[in-house]
Each structure stands twice: as C-alpha cells, then as structure tokens.
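Chemist: Provide a 3D model corresponding to the input given below.
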Amino acid sequence: MLLNLKRNNAVEKVGKLTDGKMCDVVFEVMGRQEPLLIATEVTKAGGQLILAATHEGGLRQVNLALWSERSLDIVSTHQNDPELLREGLRLRPRRGR
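Modeler: You can find the predicted model right below:
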C-alpha cells in the first residue's frame, strides 16, 4: 500500500489502517526531516526503514531510541547506479518475514 500523508495525523491514520501493527517496510523518499520522523514512527518493530532519498543540506535528527526499541533494519539505498540500488534491495535479507 502506498500512502502519501502529511504530518497531521499520519501516524494515527497508518495505525488505523494496519490495526495498530504499523508497516513492515517503509520507504523515506523525500530527504527531509519531517518525513524521516514520520517514516520512523510508522515502521513496525522488526520492520525495515529504507532511506531512499538524498539527505543533503545539513544534518538530520533521528529518533535513535525508537530505532533501537523497535530493532529497525535501517537500509540506505542512496546509490548513483539504479541497477545496484535494485540489486541491493532485492538481496537484502528480511528478518522474520
């Protein structure tokens, strides 16, 4: 399922759509602070948070406590070679699924 949500109630909406389970895999594709925080919150425990954007223009803050608590699998796919990016995602082992 692909969702394009603004911050207002995004986490609540995803929670309702998933019966509180949240998402197995979340792609953060904007490369900005707020979507990164939302993506973290909607990724379920043991899920994959895939950073597919170029985070340029300064530092980003992450909720490291939540990453750790949920034991998220953080995948950085930023590659200049699209084929290498696809291959890396295809071969990435997914824990417990």
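Chemist: low-confidence regions, this protein specifically.
Modeler: Low-confidence segments of the chain (pLDDT under 70): 1-8, 78-81, 84-85, 87-97.
Chemist: state which strand of it is the longest.
Modeler: The longest strand of the chain (DSSP state E) is strand 43-51.
Chemist: which element follows that one toward the C-terminus?
Modeler: Counting by DSSP states H and E, the element after strand 43-51 in chain order, helix or strand, is helix 64-69.
Chemist: which helices and strands sit right next to that next one?
Modeler: Applying 3 or more Cβ pairs under 8 Å, 6 or more residues apart in numbering; DSSP states H and E, one finds that helix 64-69 makes contact with helix 33-42. (Glycine included, C-beta is placed from N, CA and C.)
Chemist: any idea how far the closest residue to residue 55 other than its chain neighbours is from residue 18?
Modeler: Among residues not flanking residue 55 along the chain, residue 31 sits closest, at 4.9 Å (Cβ to Cβ, 6 or more residues apart in numbering). Separation of residue 31 from residue 18 (Cβ to Cβ, to the nearest Å): 25 Å.
Chemist: next one: residue 56
Modeler: The value you get for residue 56 to residue 18, if Cβ to Cβ is used, is 31 Å.
Chemist: ok, those two, which is more surrounded?
Modeler: Counted by other Cβ atoms under 10 Å, residue 56 and residue 18 do not tie: residue 18 has more neighbours, with 14 against 6.
Chemist: residue contacts, the nearest residue to that one once chain neighbours are set aside?
Modeler: Counting by Cβ to Cβ, 6+ apart, residue 18 lies nearest to residue 44, which is 7.8 Å off, once chain neighbours are set aside. Residues in contact with residue 44 (Cβ atoms under 8 Å, 6 or more residues apart in numbering) are 18, 21-24, 70.
Chemist: cheers, nothing more for now.
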